[in-house]
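Visitor: Need coordinates for the below:
(one chain, ligands or ions: 1)
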Amino acid sequence: PEPTPATSLASQGTMAKEYDVLLRLLLLGDSGVGKTCLLSRFTDNDFHPSHISTIGVDFKMKTLQIDGVKVRVQIWDTAGQERYQTITKQYYRRAQGIFFVYDVTNTQSFQHIAKWASDVEEFAPGNVQKVLIGNKCDEEHRRRVTTEQGSKLAESCGMDFFETSAFSRYNIDESVTCLTEMVLQANKKELDGLGVSITDNCSVSDLQEKQMMQDDVSNRICFC
Ligand SMILES: Nc1nc2c(ncn2[C@@H]2O[C@H](COP(=O)(O)OP(=O)(O)OP(=O)(O)O)[C@@H](O)[C@H]2O)c(=O)[nH]1
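Guide: Sure thing, here's the model as predicted:
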């Protein structure tokens with residue numbers, strides 16, 4: 001589905017002051033690692049035992065309070081299946097933060113993180129913030145990727161790292177809050193530079209979009 005444009009969301013917020021800042025985060029990783037479940041657990045406290053593959057992209061939102069600022073986090077869930085990648089890549093450049101998700105019981109999904117990361121290098125904005133997630137850590141008996149391996153990979157890619165469980169809710173709020181804080185921090189200067197305090201009603205996405213339009217008009221990808 002197409003979301004309501006960020007600008008109109010922001011202006012709705014002006015009336016009711018539902019939030020101060022709007023951010024876009026993206027979930028990437030192989031099919032079946034648990035991206036949809038992580039999102040449902042975070043936004044609705046729901047868990048689905050069956051795997052229904054995401055088709056293309058989907059999104060959900062939740063508002064967090066961070067240091068007294070109401071931050072509306074729009075999280076985009078992408079299909080892990082190869083055949084949707086032409087579509088999903090189009091969403092990379094509008095993300096301020098990315099979760100790279102693997103499944104601790106699936107070595108291949110861990111090895112593929114390098115490929116997801118190199119795609120992001122190519123298609124996402126330069127200052128995009130990144131967090132590595134090793135999901136399904138409740139499945140200790142089926143684990144194939146150690147915490148140390150995850151932690152080393154995260155360190156080598158300059159990412160923060162969490163092991164999570166959408167099943168038990170372990171580290172779900174913590175990982176989303178961490179990435180949200182990183183995005184706020186990374187955009188603080190930009191917001192200040194544009195004369196906008198992060199306590200004003202605004203969308204970081206729109207501000208970045210404006211700046212990118214000024215910076216690289218010639219490099220813009222057309223979505224139509
Ligand atoms: N034990 C356990 N199972 C999980 C966890 N998270 C997801 N699953 C299961 O893993 C399967 C795949 O989960 P999804 O969330 O649909 O996977 P996805 O990454 O969104 O997959 P695509 O949409 O195909 O890219 C489902 O059967 C889930 O119930 C978890 O933390 N623990």
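Visitor: can you list contacts of stretch 162-171?
Guide: Residues from elsewhere that reach stretch 162-171 (C-beta atoms under 8 Å, 6 or more residues apart in numbering): 34, 37-38, 40-41, 45, 47, 104, 131-138, 147, 150, 172, 174-175, 178. The way it works is simple: take the backbone N, C-alpha and C, and place the C-beta from them, glycine included.
Visitor: Within reach of the ligand, which of these are there?
Guide: Gly34, Cys37, Asn135, Lys136, Asp138 (C-beta under 6 Å from any ligand atom).
Visitor: which among those residues gets closest to Asp20?
Guide: Each of these was checked against Asp20 using C-beta to C-beta; the closest is Cys37, at 28.9 Å.
Visitor: Flag every buried residue along the lengthiest helix in the chain.
Guide: Ordering each helix of the chain by length in residues (DSSP state H) puts helix 172-193 first. The neighbour-count check on helix 172-193 (16 or more other C-beta atoms under 10 Å) flags Ile172, Ser175, Val176, Cys178, Leu179, Thr180, Glu181, Met182, Val183, Leu184, Asn187, Leu191 as buried.
Visitor: Which secondary structure elements does it sit against?
Guide: strand 21-28, helix 35-44, strand 57-66, strand 69-78, strand 97-103, strand 129-135, strand 160-163, helix 204-215 (3 or more C-beta pairs under 8 Å, 6 or more residues apart in numbering; DSSP states H and E).
Visitor: Now that helix - C-alpha only, PDB.
Guide: Extracted as PDB, the C-alpha positions of helix 172-193 are listed here (Å, rounded to 0.1, in the frame of the first residue of the first chain):
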ATOM      1  CA  ILE A 172      12.300  -5.800  20.200                       C
ATOM      2  CA  ASP A 173      11.600  -2.400  21.800                       C
ATOM      3  CA  GLU A 174      15.300  -2.000  22.600                       C
ATOM      4  CA  SER A 175      16.500  -2.500  19.000                       C
ATOM      5  CA  VAL A 176      13.900  -0.200  17.500                       C
ATOM      6  CA  THR A 177      14.600   2.500  20.200                       C
ATOM      7  CA  CYS A 178      18.300   2.200  19.500                       C
ATOM      8  CA  LEU A 179      17.900   2.700  15.700                       C
ATOM      9  CA  THR A 180      15.500   5.500  16.200                       C
ATOM     10  CA  GLU A 181      17.900   7.300  18.600                       C
ATOM     11  CA  MET A 182      20.700   6.800  16.100                       C
ATOM     12  CA  VAL A 183      18.600   8.400  13.300                       C
ATOM     13  CA  LEU A 184      17.600  11.300  15.500                       C
ATOM     14  CA  GLN A 185      21.200  11.900  16.500                       C
ATOM     15  CA  ALA A 186      22.400  11.600  12.800                       C
ATOM     16  CA  ASN A 187      19.800  14.200  11.700                       C
ATOM     17  CA  LYS A 188      20.200  16.600  14.600                       C
ATOM     18  CA  LYS A 189      22.700  18.800  12.800                       C
ATOM     19  CA  GLU A 190      20.600  18.800   9.600                       C
ATOM     20  CA  LEU A 191      17.500  19.800  11.500                       C
ATOM     21  CA  ASP A 192      19.400  22.500  13.400                       C
ATOM     22  CA  GLY A 193      20.900  23.700  10.100                       C
END
